[in-house]
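Colleague: I'd like to go over a predicted model; first the sequence, then the structure.
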Amino acid sequence: MTRRNFLFGLGGAAAATAVYMRYVEPEWLEVNIRRIDIGLKSRGLRVLHLSDLHVSRRISTDYICEAIKSGLQLRPDIILITGDFYTSGDENPQDLSSRVLPLLTGGTPIYAVFGNHDGGRWAHRRGGYDSTAELQEMLEDAGVKLLHNAAERIQHKGVELEIVGVGDYWGDEFLPAEAFAGLSDARPPRVVLSHNPDGKEDLAAYEWDLMLSGHTHGGQLSLPLVGAPFAPVRDKRFIAGVYSWRGRQMHISKGIGNMRGLRLGCRPEVSLLELV
Ligand SMILES: [Fe+2]
């Protein structure tokens with residue numbers, strides 16, 4: 001092979017990779033079904049875990065809607081959403097309220113927490129909303145119950161479960177003491193919703209069995225041998241999938257949307273968690 005041919009091939013591979021990470025992988029959805037044992041005494045519960053929708057002008061709303069429909073086809077018992085409905089500075093509230101949220105009004109109970117992009121101090125510093133009030137109203141109108149440093153015990157199809165939601169870890173809204181206040185030690189299995197998985201150390205002082213998070217986008221750019229150097233978390237051991245940690249479990253979703261329209265080596269996902 002001549003040097004010229006080699007360089008030509010290298011340039012072609014780089015161009016193909018750029019096209020793939022911009023136009024193929026960001027909308028190449030995975031539908032993952034995972035079984036997680038959290039000691040439910042009755043029959044299992046099917047939880048659709050959605051995260052990081054990032055409804056924005058940069059991401060096709062058609063794609064986001066199709067991703068959610070793929071999850072709904074799995075007929076979940078409940079839906080849990082771990083934040084980043086928006087991308088701060090590029091929010092698309094029109095599409096969120098008129099096209100995305102209406103998909104979620106089929107009668108399935110839905111609980112959610114905010115992510116760092118959804119409003120507040122962190123988002124505002126990046127050109128986003130300074131408050132989550134409008135989004136909260138939109139979620140309530142759509143029947144999505146926000147658990148902002150709050151908890152709720154649910155009974156659904158004979159299964160009892162506690163769901164605890166904390167505010168965003170980067171947004172100075174992360175108040176586990178408030179979220180867990182009043183919960184008793186005599187409890188059913190407990191699921192915590194925390195957008196950012198780095199919140200786990202602060203949450204370790206409280207009792208829970210499973211934490212659902214997003215935020216990492218699976219690293220967004222993830223390479224063999226190199227890993228995911230750009231994952232926006234302190235603890236890069238926990239990027240995507242199911243993990244055991246200090247006798248508890250975590251599920252970290254790669255999310256539906258992305259930042260800057262790029263993904264490599266970490267396809268977007270919706271996840272059905274079969275809790276048993
Ligand atoms: Fe995100």
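Modeller: Received the coordinates, thanks. In this text the structure is predicted, and so the values were computed from the model without any measurement. Residues are numbered from 1 along each chain as shown.

Colleague: what about the helices in the stretch 51-200 of the chain?
Modeller: Ranges of helices within the stretch 51-200 of the chain are 61-72, 93-95, 121-125, 133-141, 176-180, 200-203, based on DSSP state H, counting those that start in this stretch.

Colleague: And the next helix or strand past the helix or strand hosting residue 19?
Modeller: For residue 19, the enclosing helix or strand under DSSP states H and E is helix 3-19. Past helix 3-19, further along toward the C-terminus, the next helix or strand under DSSP H and E is strand 30-36.

Colleague: Skip ahead from that next one and say which helix or strand is next.
Modeller: Sequence order places strand 45-50 as the next helix or strand after strand 30-36, per DSSP H and E.

Colleague: Now that following strand: buried residues?
Modeller: Using 16 or more other Cβ atoms under 10 Å as the test for burial, strand 45-50 gives 45-50. All C-beta spots, glycine's among them, are computed from the backbone N, C-alpha and C.

Colleague: Residue 65: neighbouring residues, count only.
Modeller: Residue 65 is flanked by 17 other residues according to other Cβ atoms under 10 Å.

Colleague: Show me which residues of the stretch 151-276 of the chain are close to the ion?
Modeller: Residues of the stretch 151-276 of the chain lying near the ion by Cβ under 5 Å from the ion: none.

Colleague: nearest to residue 85, of the helices of the stretch 51-200 of the chain?
Modeller: In terms of Cβ to Cβ, the element of these nearest to residue 85 is helix 133-141, at 6.3 Å.

Colleague: how far does the closest one sit from the chain's center?
Modeller: On the basis of Cα atoms, centre = their mean, to the nearest Å, helix 133-141 sits 18 Å off its chain's mean C-alpha point.

Colleague: Quick one: end-to-end length of stretch 155-169, please.
Modeller: 28 Å (Cα to Cα, to the nearest Å).

Colleague: Which strands or helices does the helix holding residue 19 pack on?
Modeller: On a contact count with 3 or more Cβ pairs under 8 Å, 6 or more residues apart in numbering; DSSP states H and E, helix 3-19 meets no helix or strand.

Colleague: For that helix, give the mean pLDDT please.
Modeller: The pLDDT scores in helix 3-19 average 81.

Colleague: neighbours around residue 248, how many?
Modeller: 18.

Colleague: Same question for the one 10 residues further on.
Modeller: Under the neighbour criterion other Cβ under 10 Å, residue 258 is assigned a count of 25.

Colleague: Same question for residue 2.
Modeller: Using other Cβ under 10 Å, residue 2 has 7 other residues around it.

Colleague: and the stretch 1-150 of the chain, which of its residues are near the ion?
Modeller: 52, 84.

Colleague: how does it look with 8 Å?
Modeller: Counting by Cβ under 8 Å from the ion, the stretch 1-150 of the chain comes close to the ion at 51-52, 54, 83-84, 87, 115-117.

Colleague: Show me just the buried residues among those residues.
Modeller: Using 16+ other Cβ under 10 Å, the buried ones in those are 51-52, 54, 83-84, 87, 115-117.
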